[in-house]
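Novice: how would this look folded up:
(2 chains)
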Amino acid sequence: MQTTTCPSDLNTFYSVCVVRMGRLKKKHNWKAREQDSSQSGAATSDVVVEIQDAGTLKGVDESNALVLPASKAKKEKVVKKHVPKKQPLTKKQKKQLQKVLEVKQKKAQRADILSKLANVQLPESEMKLLYTTSKLGVGDKLYQSKQRSDAAEEVTSAEEKISSLTGAKRKRKNEEEEEEENEANRDNMTDSSSEDDDDDDEDGGAPEVCIAKEEKAGSSPQKQVEVAQEKAAEKEATCLKEVPKKEDHQPAVFVPVDRLPDIQAARLKLPVLGEEQVIMEAVRENMCVVLCGETGSGKTTQVPQFLYEAGYASGDGIIGITEPRRVAAVSMSQRVAKEMNLSTRVVSYQIRYEGNVTSDTKIKFMTDGVLLKEIQKDFLLEHYKVIIIDEAHERSVYTDILIGLLSRIVPLRNKKGRPMKLLVMSATLRVEDFTENKKLFACPPPVIKVDARQFPVTVHFNKRTPLEDYVGEAFRKTCKIHRMLPPGGILVFLTGQAEVHSMCRRLRKAFPYRKTCLESGTEQKDTEEEMKRFKKVKQKKMVSLPRINLDNYSALPVDEGDEDRQAGIDDEEDGSDLDLELGDDPVDAEEKCDPSLPLYVLPLYSLLAPEQQAKVVFRPPPAGSRLCVVATNVAETSLTIPGIKYVVDCGRVKKRFYDRVTGVSSFKVTWTSQASANQRAGRAGRTEPGHCYRLYSSAVFSDFDEFSEAEITRRPVDDLVLQMKDLNIEKVVNFPFPTPPSLDALVAAEHLLVSLGALEAPPHVGRAKQMERARLSCPITPLGRAMAAFPVAPRYAKMLALGKQQGCLPYIITVVAAMTVREIFEEMDRPAASEEENAKLAQRRARLAQMRRLWAGQGAALLLGDLMIMLGAVGACEYAGCTPKFCEENGLRYKAMLEIRRLRGQLTTAVNAVDPGARLYLDAKMAPPTESQVVCLRQIVLAGLGDHLARRVQAEELLDPKWRNGYKTPLLDSPVFIHPNSALFKTLPEYVVYQEVLETSKMYMRGVSAVQEEWIPQILPQYCHFGPPLENPAPRFCPDSGRVKCHCKSTFFRVGWQLPAVERDYPEGLDRYKLFARFFLEGQVCPKLQSYTSCLLSSPSIMLKTWAKLQPRTEALLGVLVSGKADCQEALLSAWEKNNKYLLSAYCQWLPEALHEKVAENWPPI
DNA sequence: AGGGTTTTTT
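Specialist: Residues are numbered from 1 along each chain as shown, chains lettered A, B, ... in the order given. Take a look at the predicted model:
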């Protein structure tokens, strides 16, 4: 590998900025070499000197890689590369080579000087100040000077530029390996893309197929062009790097920001600030950049500001940043606005229900789902010049899909001459899914790493790993920490609400706290003031709590509790006997109540009421006590608790599992991932050095998965598939997912969407392989488009699309909103903290049960089941003004009710948009549905939940007593049950539909609603196999539809449940023509012919006789109908439109000649 | 006949 320093650059560079930069040049140089050394394995001898230099310089200053010329390496590389290849060197080349050699010599000398200079270098902190003071008020940036040098250089060299970023190097390495390959590839791609026009990618991986080539009618012509260009764009931009263009030579824009001094000072402490130059260069030179930095690096708040200052929000484009959570989008926008001293009109946010975006907005924070919706409206995101995907390591489904989409959009935009940048920001180093995924980025984007400003956290592993009672272990460890270690909050990670509460109870019992002063201050305080107070409190605590200094650990992680032993809180070995005894006798341990050491214990989980959560996040613990938060995963990512010094990690998580085949979900506790455990540990080092106690051994830890799986691989994807189809991505299998969902999941999704009518059913013809492929590329239907407009799960979207009948829409919207929002009822089965609380809980439980019965209604309403409870609950809550008080009193989660209210608003708007005739409005005083409305609602619900139909186990199937009161479903072998909390628990209807099956102690259906048997073949024909038309009742002509109808028995798919005969369209075929002919002759199809029925030469009924063929007139009539494809009124009318004499002569054969003329005069008889 | 949910997002 070649050196990355290029002397000519340096010369240019120095001439431009040495004057102002002073010592910075050293750093610059150093950094270049330092990065070289990272690849030392491949280093050639001519850089050895520099590597050594780097070695000696390393650690002198880590802070500044700012001054890197970006284009240096390439030139050299070119020389080196081409010299051995092209054998006779041209004079020019020789000259160049000579120059390079000279330059190297100079460089070596310079390196020497620099290493000497390094000895007198300023410490990092001062360095940073120097850098910034040099910058202050100058209105100029380092990378601008650098850019000028680039520009100058590009005059002589048309080579593409390479920065000295770690990732850029990887990229370069890659290029070298693939350079020849690339040339070949270019041809290959051209070839394959021409094949592509008719063939559907055998390789399955061709990225260019992922977005449908043609647009459906009705989309903008502009978009069509762009999509058509896509392939070309990709070809040119397989490497997401920008070929230098004229524009690049223009001086960069610098947008001044007027920050307040204290903010400016605070910024300087953030590690990202030192990387501004590197980041901005990378962004300038690459379409896509990955930025890696743990929490605390400041990337979320600073990078948008860098981009702003560099002019990425000047003119007509803005900067967009996505966050996986709403709170983050809102708070980050506010913080950045404050830091930049700009109004929220300029730095704004947009989340699902609200936003403060204006026409002045330059920086827009939003949730990832919001951006995905925007892509639906404007595929190329013309509004944005940069998109930043934050927290990409969390791998939320929308983040993943956005990255996939943007990997195509960015080159397209570039091709169009309106370039856009993509910045993927990730905390962990797990970026291979992005960088090594050839389908996503043919050429890996550069990765920039940023240090985090975190205090060291010492990790202590247990020697042994309790497999059963990890809660008990957590309890004992927490007690020990509290008893023996210096002040500092404790954060305990457990897996669920129940565990959290029981732990809280045990801890409170062990270290009782008198809550006199606890609940006094309820008023909201300014956070900063709180923090100040908090610090004072901490100082006070120092006096009252025991003190052992554990902070001077040398290395981390500490293994196997060695340090624990020193500290005297080791679990194992000698001291462990006592602990184990305690462990074996929990009563004893817990009775050892110690009121002299008050512990302020608080629970924390997502579903906890926000004001309870606020206690943890905003309010400091009372004076003289230690804070102990017992939390679930919320504390890992969503909430940050101040003042935590100790983390106790049980090493487990509760996760939802979906069975891909049956759709059954369950919750299971499993080991976490290493990344997740490290994230938990990191929570101890936010405010000072901390300690993390892992209740498992390092061996167990090393067996953890390195990372948690991407969400998209763990859940059904029907909603995502519908969204993507709506974006005209027909072959979702070929979409460049960072991690693709399983094929099973995709097949299941398409299947469901076909059943719902959102996608066209795949053809049943062709070879198995073709059919298989067709099943994964069903085109979207108009219904599907309408459904995609509703921001809810496809099953529910179907209900909304259908809900127009009988004024049901407001109810359907409400039911859908309630089904979409999770946990609308408060959980009251948790272990109570005290007898008093226990009694209170029991009372509230009883009250909720009573209300549920009330809301479920009686008679007809009751049959809507659990959905009626939801409807009633929401209706009652809204009627009462949706107050916290009403919710509290009636066991409703206030937050859930607010969400439902907002979702109803959004859905109402969406329905009105799809069908302006609907003219819906949100009615707070919605009257209960009438009986007939309830029936209508049940049918609409059935239409959406058709694949979730269950039938009571029949007497003859009742072989096993376990099946009593059970229900059978098409996909499950074992029975499912109605949950005792369900409105229909006692009703046990023959047929029900359910929202989902959740496996706990049994398979329980949730969200159950009763179904009338005869509705099933009518509303769910797609799930039924119909028998032959019945003789009795006989087929008839239906004047309303103009079609031939008949009764058929049917069975439900897979399970073969016999369903009652219902009337439906007569099946297609000759018999339908015969019947139609008969009804035609009888004058039913055209009433004007009724007067001739008595004159017919044969009875119309002979149309159906088996010997019908013997009669020429039957055959004639039938033949004409068949040839005109006229087997219903509508088809007949259109046949007459084409030919107004159609059927005349065949009909006349049935009439005496005397009438022919008269008939002909009045033909067609309409 | 009888009860156990983590966490986000459009």
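Novice: What ranges does the stretch 801-950 of chain A have for its helices?
Specialist: Counting by DSSP state H, counting those that start in this stretch, the segments of the stretch 801-950 of chain A that form helices are A:809-820, A:835-856, A:866-879, A:884-890, A:894-914, A:931-944.
Novice: Now those in CSV, please, with extra columns for distance to A:G1069 and mean pLDDT.
Specialist: For every residue, glycine as well, the C-beta is placed using N, CA and C. Shown next, in CSV, are the helices of the stretch 801-950 of chain A (distance: least, C-beta to C-beta, whole Å; pLDDT from 0 to 100):
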stretch, distance to A:G1069, mean pLDDT
helix A:809-820, 37, 94
helix A:835-856, 47, 81
helix A:866-879, 40, 93
helix A:884-890, 58, 89
helix A:894-914, 37, 91
helix A:931-944, 27, 94
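Novice: how about CSV for these, with mean neighbour count and distance to DNA strand B added?
Specialist: Formatted as CSV, those follow (neighbours: other C-beta atoms under 10 Å; distance: least, C-beta to the nearest atom of the strand, whole Å):
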stretch, mean neighbour count, distance to DNA strand B
helix A:809-820, 25, 7
helix A:835-856, 15, 7
helix A:866-879, 24, 11
helix A:884-890, 16, 15
helix A:894-914, 19, 8
helix A:931-944, 21, 14
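Novice: Quick one, which of those gets closest to A:A675.
Specialist: Judged by C-beta to C-beta, the one of the helices of the stretch 801-950 of chain A that comes nearest to A:A675 is helix A:894-914, at 29.1 Å.
Novice: Next, the angle from the closest one to helix A:809-820.
Specialist: 130 degrees (axes from the mean of the first three to the mean of the last three C-alpha atoms, to 10 degrees).
Novice: Dump the helices of the stretch 801-950 of chain A to a markdown table, plus distance to A:A684.
Specialist: Output for the helices of the stretch 801-950 of chain A, formatted as a markdown table (distance: least, C-beta to C-beta, whole Å):
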| stretch | distance to A:A684 |
| --- | --- |
| helix A:809-820 | 37 |
| helix A:835-856 | 30 |
| helix A:866-879 | 41 |
| helix A:884-890 | 34 |
| helix A:894-914 | 29 |
| helix A:931-944 | 47 |
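Novice: could you list every residue that touches the residue nearest to A:I900 when sequence neighbours are not counted?
Specialist: Among residues not flanking A:I900 along the chain, A:A817 sits closest, at 4.6 Å (C-beta to C-beta, 6 or more residues apart in numbering). Taking C-beta atoms under 8 Å, 6 or more residues apart in numbering, we find A:A817 in contact with A:874, A:900, A:903-904, A:907.
Novice: rewinding a little: among the helices of the stretch 801-950 of chain A, which is nearest A:S974?
Specialist: A:S974 lies closest to helix A:866-879 among those, at 21.6 Å (C-beta to C-beta).
Novice: The closest one relative to helix A:835-856, how many degrees between them?
Specialist: In terms of direction (the same axes, to 10 degrees), helix A:866-879 departs from helix A:835-856 by 100 degrees.
Novice: Point out the other helices and strands that helix A:866-879 packs with.
Specialist: helix A:809-820, helix A:835-856, helix A:884-890, helix A:894-914, helix A:931-944, strand A:1009-1011 (3 or more C-beta pairs under 8 Å, 6 or more residues apart in numbering; DSSP states H and E).
Novice: and if we set it to 6 Å?
Specialist: Helices and strands touching helix A:866-879, by 3 or more C-beta pairs under 6 Å, 6 or more residues apart in numbering; DSSP states H and E, are helix A:809-820, helix A:835-856.
Novice: Return that helix as PDB; C-alpha atoms alone will do.
Specialist: C-alpha atoms of helix A:866-879 as PDB (Å, rounded to 0.1, in the frame of the first residue of the first chain):
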ATOM      1  CA  ASP A 866     -63.300  -6.900  22.200                       C
ATOM      2  CA  LEU A 867     -63.500  -4.400  19.400                       C
ATOM      3  CA  MET A 868     -66.700  -3.100  20.900                       C
ATOM      4  CA  ILE A 869     -64.900  -2.700  24.200                       C
ATOM      5  CA  MET A 870     -62.300  -0.600  22.500                       C
ATOM      6  CA  LEU A 871     -65.000   1.400  20.700                       C
ATOM      7  CA  GLY A 872     -66.800   1.900  23.900                       C
ATOM      8  CA  ALA A 873     -63.700   2.800  25.900                       C
ATOM      9  CA  VAL A 874     -62.600   5.400  23.300                       C
ATOM     10  CA  GLY A 875     -66.100   6.800  23.000                       C
ATOM     11  CA  ALA A 876     -66.500   7.100  26.700                       C
ATOM     12  CA  CYS A 877     -63.100   8.700  27.100                       C
ATOM     13  CA  GLU A 878     -63.700  11.200  24.400                       C
ATOM     14  CA  TYR A 879     -67.100  12.000  25.700                       C
END
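Novice: And for the closest residue to DNA strand B within the stretch 1051-1166 of chain A, the neighbour number?
Specialist: For the stretch 1051-1166 of chain A, the residue closest to DNA strand B is A:W1057, as judged by C-beta to the nearest atom of the strand, at 21.5 Å. A:W1057 has 18 neighbouring residues, counting by other C-beta atoms under 10 Å.
Novice: Over to A:E956?
Specialist: 6.
Novice: for A:A761, same thing?
Specialist: 14.
Novice: Please apply the same query to A:Y470.
Specialist: 22.
Novice: three-state assignment of A:S666?
Specialist: Assigned by DSSP: H, G, I helix; E, B strand; the rest coil, the conformation of A:S666 is strand.
Novice: wouldn't it be in contact with A:V997 here?
Specialist: No: counting by C-beta atoms under 6 Å, A:S666 stays clear of A:V997, with 9.1 Å between them.
Novice: Same drill for those two, tell me which one is more crowded.
Specialist: The residue with more neighbours, out of A:S666 and A:V997, is A:V997; 23 against 14, by other C-beta under 10 Å.
Novice: got a pLDDT number for that one?
Specialist: Looking at A:V997, its pLDDT is 94.
Novice: Contact partners for it?
Specialist: A:664, A:976, A:1003, A:1005 (C-beta atoms under 6 Å, 6 or more residues apart in numbering).
Novice: For it, give its distance to A:H501.
Specialist: Distance of A:V997 to A:H501, computed by C-beta to C-beta, to the nearest Å: 27 Å.
Novice: Same question for A:V431.
Specialist: Separation of A:V431 from A:H501 (C-beta to C-beta): 38 Å.
Novice: What of A:R619?
Specialist: The gap separating A:R619 from A:H501 is 20 Å, by C-beta to C-beta.
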